[in-house]
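>>> how would this look folded up:
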Amino acid sequence: MRDKEKTVGNLIDKQSVAYISSVDEEGFPNTKAMLAPRKREGLHTFYFTTNTSSMRVAQYQDNNKACIYFCDKRFFRGVMLVGTMEVLQDQESKELIWQEGDTMYYPKGVTDPDYCVLRFTAVKGRFYSNFKSESFEVDIK
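Numbers count the residues shown, from 1 in each chain. Next comes the predicted model:
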C-alpha cells in the first residue's frame, strides 16, 4: 500500500455501515453493525453515536478493547482497525457530532441522557484487497 491514509481513508469514507466489536464479560467478542462514524480524524480516531443504555456501552466501560471493520462488498476489500473505545457523555463531545434528525433516536435532543458518543482510537490495522492482507501501524498525529 503506497499511501495507507488515502487508500484506507477512501474505503472508509465510502461505507454507510461500520462493524464495531466489544468484549463481553466472559471474554467473547461481540460485533454489531452501526451507522458510519460521524467524524473521522485520520485513521486513528473515529466518533460514533449510540444509546447510553446499550449493552455495548456497558461492555466498553468494563473493557475498552475494541475493533472496527469497514467492508467494500462490491470490490471485496476491507479494513480492520484495533484499538480502544471510550464512552463520552460530556456536552462538548455530544454537540461535536450531533446532527439534525438525531431526535429520532434521542427524543430529548443533544442533552438526552440516553445519547452518548463512542470515540474509537486505533493503534493498528489490517487491510485486505486483491487476495492479499497487509498489516500496518496507525500514526497518531
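>>> could you pull out the helices for the protein?
Along the chain, the segments classed as helices by DSSP state H run 4-13, 55-62, 91-97.
>>> for stretch 50-69, how far is the first residue from the last?
17 Å (C-alpha to C-alpha, to the nearest Å).
>>> and the contacts of it?
18-25, 29-32, 34, 46, 78-87, 89, 105-106, 113-118, 120, 122 (C-beta atoms under 8 Å, 6 or more residues apart in numbering). C-beta here means a position set from N, CA and C on the backbone, and glycine is covered the same way.
>>> show me which residues of that stretch are buried.
50, 56-57, 59-60, 64, 66-69 (16 or more other C-beta atoms under 10 Å).
>>> just stretch 77-92 next, same as before
77-83, 85, 87.
>>> ok, stretch 2-10 next?
In stretch 2-10, counting by 16+ other C-beta under 10 Å, buried: 4, 7-8.
>>> number of nearby residues for the nearest residue to residue 29 once chain neighbours are set aside?
Closest residue to residue 29 apart from its sequence neighbours, by C-beta to C-beta, 6 or more residues apart in numbering: residue 21 at 5.2 Å. The number of residues packed near residue 21 is 18, by other C-beta atoms under 10 Å.
>>> ok, now which ones touch residue 21?
By C-beta under 8 Å, 6+ apart, the neighbours of residue 21 are 29-32, 66-69.
>>> and for the closest residue to residue 94 other than its chain neighbours, the neighbour number?
Closest residue in space to residue 94, ignoring its immediate chain neighbours: residue 110 at 5.4 Å, by C-beta to C-beta, 6+ apart. Per other C-beta under 10 Å, the neighbour tally for residue 110 reads 15.
>>> quick check: mean pLDDT across the biggest strand by length in the chain?
If you go by DSSP state E, the chain has its longest strand at strand 115-129. Computed over strand 115-129, the mean pLDDT rounds to 97.
>>> just the C-alphas of that strand, formatted as CSV.
C-alpha atoms of strand 115-129 as CSV (Å, rounded to 0.1, in the frame of the first residue of the first chain):
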residue,chain,number,x,y,z
TYR,A,115,-27.3,9.8,24.0
CYS,A,116,-23.6,9.3,24.2
VAL,A,117,-20.5,9.3,21.9
LEU,A,118,-18.2,6.4,21.3
ARG,A,119,-14.7,7.5,20.5
PHE,A,120,-12.5,4.8,19.0
THR,A,121,-8.7,5.2,18.9
ALA,A,122,-6.9,2.9,16.6
VAL,A,123,-3.3,1.6,17.2
LYS,A,124,-3.0,-0.8,14.3
GLY,A,125,-4.9,-2.1,11.3
ARG,A,126,-5.1,-4.8,8.6
PHE,A,127,-6.1,-4.0,5.0
TYR,A,128,-7.4,-6.7,2.7
SER,A,129,-7.6,-6.2,-1.1
